[in-house]
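> missing the sequence, but the structure's below:
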């Protein structure tokens, strides 16, 4: 498996790596990826690879279907760094950081709207969650105030790990109905907002997050749409 540097070094903007392989589609597989692969509603990272005075723009990052390894997808057909070459990988940090802010904001949204989540999506400006609830919430201003209150607390965001057996014993940790936490890769990662003794939120998640809620900045509640008899789609935007 490709090393997942984005998990251990969330705020690292560039790092060296070695090209481990190419995919048949023209992607680049590194031995240790700083780039987050598309998953869990979060887009894959973009950025650049440089080597021997050459540069390759990376449009997105995915998991290779055949090998499960992380593949960097070039923005256009260009010569790839050869297998075995040492490269510098550099993130489009502004885009990644906005994804981190939105992702953590969506965890807070799942707290202020305590209904099962049926789907979600993240972009660099906003995100949305789909909730299994028959009626739209009427207290929009209260929900927005609650979101921004959690931001103002500047609560710590941290990770923990549990076994699959421990997750089976505490199914209430899983808020998503449509996407189950990945299994078969060992322990399961939890994202905690707040302190261990009294967390604001605790749920399985493989995405990237900010270190403290204050880093999210002001939030604005957006549209609330009806998506089926029992589903409501709720948008939240960065920028207050």
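Looks like it came in fine. As the structure is a prediction and not an experimental result, all values here were calculated from the model.
> partners of residue 236 in the sheet?
Counting by DSSP bridges, residue 236 forms beta bridges with residue 127, residue 221.
> And it, how close does it get to residue 62?
Distance, residue 236 to residue 62, using CB to CB, to the nearest Å: 26 Å. In short, each C-beta sits where N, CA and C put it, glycine included.
> Looking at these two, which is more packed in?
Legend: neighbour count by other CB atoms under 10 Å for residue 236 and residue 62, higher for residue 236 (22 against 17).
> Looks like that one contacts residue 105 (just checking).
Yes - contact criterion CB atoms under 8 Å: residue 236 and residue 105 qualify, at 5.5 Å.
> Now do the shared contacts for those two.
The contact sets of residue 236 and residue 105 overlap at 127, 147, 219 (CB atoms under 8 Å, 6 or more residues apart in numbering).
> Now flag whichever of those residues is closest to residue 42.
Nearest to residue 42 among those: residue 127, at 9.0 Å, using CB to CB.
> Report the contact partners of the closest one.
Counting by CB under 8 Å, 6+ apart, residue 127 makes contact with 41, 102-103, 105-106, 109, 120-121, 235-236.
> For residue 45, see how far away it is.
16 Å.
> coming back round to it: ok, so of the contacts of residue 127, who is nearest residue 8?
For the contacts of residue 127, the nearest to residue 8 is residue 103 (17.1 Å; CB to CB).
> give me the element the closest one is part of.
helix 93-112 (DSSP states H and E).
> So which elements touch that helix?
Using 3 or more CB pairs under 8 Å, 6 or more residues apart in numbering; DSSP states H and E as the contact criterion, the elements in contact with helix 93-112 are strand 117-122, strand 126-132, helix 140-152, strand 188-195, strand 198-204, strand 231-238.
> what's the most buried one of these?
strand 126-132 (a mean of 22; mean count of other CB atoms under 10 Å).
> That one vs helix 93-112, what angle?
Compare the direction of strand 126-132 with that of helix 93-112 by axes from the mean of the first three to the mean of the last three CA atoms, to 10 degrees and you get 30 degrees.
> how far out from the middle of the chain is the one helix or strand in the chain whose mean pLDDT sits lowest?
Ranked by mean pLDDT, DSSP states H and E, the weakest helix or strand in the chain is helix 164-169, scoring a mean of 74. Its chain's average C-alpha position is 23 Å from that of helix 164-169, according to CA atoms, centre = their mean, to the nearest Å.
> now swap in stretch 228-240 and tell me
17 Å.
> Residues touching it, excluding its own?
Contacts of stretch 228-240 (CB under 8 Å, 6+ apart): 98, 101-102, 105-106, 109, 113, 118, 125-137, 147-148, 216-227.
> any low-confidence regions in the chain?
Scanning the chain with the threshold set as pLDDT under 70 gives 1, 171-186, 240.
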